[in-house]
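1. give me coordinates for this.
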Amino acid sequence: MPSLDILLTFFVTTAIFAYIPGPAMLYAAAQTMARGRFAGLMASLGIHLGGYVHVLAAAAGLSILFHAVPTLYLAVKLAGAAYLVWLGFTLMRAKASGGGHLPAVEAKSARRAFFESITVEVLNPKTAIFFVAFLPQFTDASAAFPVWVQFLLLGTVVNLMFSSADLVCVFLADAVVVKMRRSTRAQRLLQRAGGTVLIGLGAHLAWQRT
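-> Residues are numbered from 1 along each chain as shown. All right, here's what the predicted structure looks like:
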């Protein structure tokens with residue numbers, strides 16, 4: 001593995017990147033606002049599991065395809081953006097449950113948030129580009145472990161660190177809106193706010209040049 005100094009730099013840099021507010025944190029907060037804390041937690045888990053797809057792709061060298069084939073990058077990016085916008089409109093059209101979430105409804109929403117989040121993360125090529133650009137700076141070709149193993153280990157640490165930030169965001173969002181969920185009107189406003197955030201994230205992803 002890389003030297004202790006390099007690993008220390010890696011952990012510090014990863015923590016800084018993880019806790020700078022970004023799309024994943026906003027997405028987890030939006031799911032929490034619209035569907036409740038459990039759905040937010042399941043959304044964070046979905047993002048986390050989806051992140052491992054990019055870790056494995058980076059370790060296998062597949063993510064480099066996004067650099068080599070710009071059209072592929074654009075196609076995946078637009079697909080991810082369109083999916084986010086669709087999710088946003090879906091949340092905005094959903095009926096408020098009023099008076100708190102029923103257990104069955106909340107469980108269904110959480111399952112849906114989980115699978116949606118995996119899809120959102122897998123369809124985010126910027127995550128793949130991040131791993132390809134970031135991880136090689138902390139690998140050592142002369143280390144005992146092969147580079148692909150180092151990619152897996154370092155990528156797992158990055159994914160865990162980013163997921164910890166998403167969880168913090170979920171609990172903060174839940175703390176802000178917990179009192180509002182008793183009102184059907186407030187519930188509706190939260191759903192619209194969450195949907196608006198997802199639509200904004202989709203538009204931002206679509207219009208970004210890289």
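
2. make it CA atoms for all contacts and neighbour counts henceforth
-> Fine.

3. for this protein, which spans come out with low pLDDT?
-> Along the chain, the parts satisfying pLDDT under 70 run over 1-2, 63, 66-67, 94-108, 179-187, 209-210.

4. which one's the longest helix in the protein?
-> In the chain, assigned by DSSP state H, the helix with the most residues is helix 147-177.

5. for that helix, packing partners?
-> helix 4-19, helix 23-35, helix 37-60 (3 or more Cα pairs under 8 Å, 6 or more residues apart in numbering; DSSP states H and E).

6. which ones are touching residue 76?
-> Residue 76 makes contact with 123, 124, 125 under the criterion Cα atoms under 8 Å, 6 or more residues apart in numbering.

7. what does stretch 157-170 rub up against?
-> 14-15, 17-19, 24-26, 28-29, 32, 37, 40-41, 44-45, 47-48, 51-52.

8. if I look at the most centrally placed residue in the chain, how far off is residue 163?
-> When Cα atoms, centre = their mean is applied to the chain, the residue found nearest the centroid is residue 24 (3.5 Å). From residue 24 over to residue 163 the distance is 9 Å, taken as Cα to Cα, to the nearest Å.

9. give the residues shared as contacts by those two.
-> With Cα under 8 Å, 6+ apart as the test, residue 24 and residue 163 both reach residue 47.

10. re earlier: redo the helices and strands packed on helix 147-177 as JSON lines? Include distance to residue 144.
-> Converted to JSON lines, the helices and strands packed on helix 147-177 look like this (distance: least, Cα to Cα, whole Å):
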{"stretch": "helix 4-19", "distance to residue 144": "14"}
{"stretch": "helix 23-35", "distance to residue 144": "34"}
{"stretch": "helix 37-60", "distance to residue 144": "16"}
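
11. tell me the most buried of those?
-> Counting by mean count of other Cα atoms under 10 Å, helix 23-35 has the highest mean neighbour count of those, with a mean of 27.

12. off-centre distance for it?
-> In terms of Cα atoms, centre = their mean, to the nearest Å, the centre of helix 23-35 is found 9 Å from the chain centre.

13. just checking, what packs against it?
-> Against helix 23-35 (3+ Cα pairs under 8 Å, 6+ apart) you get helix 37-60, helix 103-122, helix 147-177, helix 184-207.

14. residue 74: which of those is closest?
-> Closest approach to residue 74 among those is made by helix 184-207 (8.7 Å; Cα to Cα).

15. gap between the closest one and the chain center?
-> 15 Å.

16. and it with helix 103-122, angle?
-> Orientation check (axes from the mean of the first three to the mean of the last three Cα atoms, to 10 degrees): helix 184-207 against helix 103-122 gives 10 degrees.
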